[in-house]
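In: What would the 3D arrangement of this be:
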Amino acid sequence: MSAVVGIAGLTGKFAQCVAKELQAYPNVTIKGFCRSPQKLPQAALEKYKIEVIEGEFDDEAAVQKFVRGTDIVICCYFGDPDVMTRGQKILVDACGKEGVPRYLPSDFAVDYTKIPAGELFPKESAKIVKNYLVEKNVAGVHVLVGGLIETFWSEFYHIFDPNTQTITYWGTGDEKWDLTTYETAAAYTAALAVDKNASGVFRFRGDCKSVSEIKEIYEKIYQSPLHLKRLGSLDELYSTVKDEFNNGPNNVTAWAPGCFAYWCTNGVAHLGDNLNNKDYPNIVPVDMEGFLKAHKMEDISIADRHLGF
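Out: Numbers count the residues shown, from 1 in each chain. This next block holds a predicted model:
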């Protein structure tokens, strides 16, 4: 069975991981959309036979040209609220006009369907777009994976300091994180893209570990100490995030990392145990131990930079 898969935001690392994972499926054609095709390596585009449509996220004519003829559009945008909300609405509108039956939005986060309305959440666009898909009668394919393992170790969260080998955390240290690697999340995304019957909310997980458990795994693999530093309670984290948001709501880099950490660990937005991993048994998710074994200790904080083409 042939399929044409559109990937919006192709210059992003996750988008490129999805494109690579789609190579496991025969008779799949990929169309990419981005504003700067020159940033993409030509050799990779030829290798994966990707047709690229150039355009800004709000260029409606270019977007419509991009989605035309696709069986599903995967959004891999990552940007400000305008890109994440209005940009995705433009994609959904184009899917409606061109008769594209399914749209996979840029979710890839905790289970936001469980977060109460009105609560501060950095990807509020996910809730908005989910409702918008229902309004427009385009089938949504929602991929929830918790936190991304590479991002957990990167400078984004301000959790891990590679210079001192220290993890800073809020809470008791025993709160569980749902964690999935980019490539595992991309593998499940690709599987959903080619499964034309797939629609609705899907929950996939690579691992579920607390920082205390992560410390044990790290020290076993690297034979080097990992220090833990407690910053306060989860309630104190929530207050800190709210203060940062009130002081500068548009300064997302200031409050979003702590806000993500809060929803990753407070239990409300956990993926739960009814996962969809079992629906795609050919995919073997990478857990925290597998991730660390695959990387040198000095490389884990920059692992996200080496993804993609």
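In: Please settle this for me: is Phe202 part of a strand?
Out: Yes: under DSSP: H, G, I helix; E, B strand; the rest coil, Phe202 sits within a strand.
In: My guess is Thr151 contacts Arg305. True?
Out: No: at 11.4 Å, Thr151 does not count as touching Arg305 under the criterion of C-beta atoms under 8 Å. C-beta: built from backbone N, CA, C; applies to glycine.
In: Please say which of these two ends up with more neighbours.
Out: Applying other C-beta atoms under 10 Å to Thr151 and Arg305 shows that Thr151 carries more neighbours, namely 18 against 11.
In: what's the helix or strand for that one?
Out: In the assignment (DSSP states H and E), Thr151 maps to helix 149-153.
In: tell me what that helix is packed against?
Out: strand 177-180, helix 288-293 (3 or more C-beta pairs under 8 Å, 6 or more residues apart in numbering; DSSP states H and E).
In: need those in CSV with mean neighbour count, can you?
Out: CSV is the format used below for the helices and strands packed on helix 149-153 (neighbours: other C-beta atoms under 10 Å):
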stretch, mean neighbour count
strand 177-180, 26
helix 288-293, 18
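In: Same list (those) but as JSON lines, adding distance to Thr265 and mean pLDDT.
Out: Below are the helices and strands packed on helix 149-153 laid out as JSON lines (distance: least, C-beta to C-beta, whole Å; pLDDT from 0 to 100):
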{"stretch": "strand 177-180", "distance to Thr265": "6", "mean pLDDT": "98"}
{"stretch": "helix 288-293", "distance to Thr265": "15", "mean pLDDT": "98"}
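In: Could I get the full set of helices for the protein?
Out: With DSSP state H applied, the chain shows helices at 13-21, 42-47, 60-67, 81, 88-98, 124-136, 149-153, 182-194, 211-222, 234-247, 252-265, 288-293, listed in chain order.
In: can I get these in a markdown table with distance to Ile74?
Out: Compiled in a markdown table, these are given as follows (distance: least, C-beta to C-beta, whole Å):
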| stretch | distance to Ile74 |
| --- | --- |
| helix 13-21 | 6 |
| helix 42-47 | 17 |
| helix 60-67 | 11 |
| helix 81 | 20 |
| helix 88-98 | 10 |
| helix 124-136 | 13 |
| helix 149-153 | 19 |
| helix 182-194 | 6 |
| helix 211-222 | 30 |
| helix 234-247 | 30 |
| helix 252-265 | 22 |
| helix 288-293 | 23 |
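In: just so I know, which of those lies nearest Asn276?
Out: helix 182-194 (7.7 Å; C-beta to C-beta).
In: Figure out how far that closest one is from the centre of its chain.
Out: With C-alpha atoms, centre = their mean, to the nearest Å as the basis, helix 182-194 stands 11 Å off its chain's centre.
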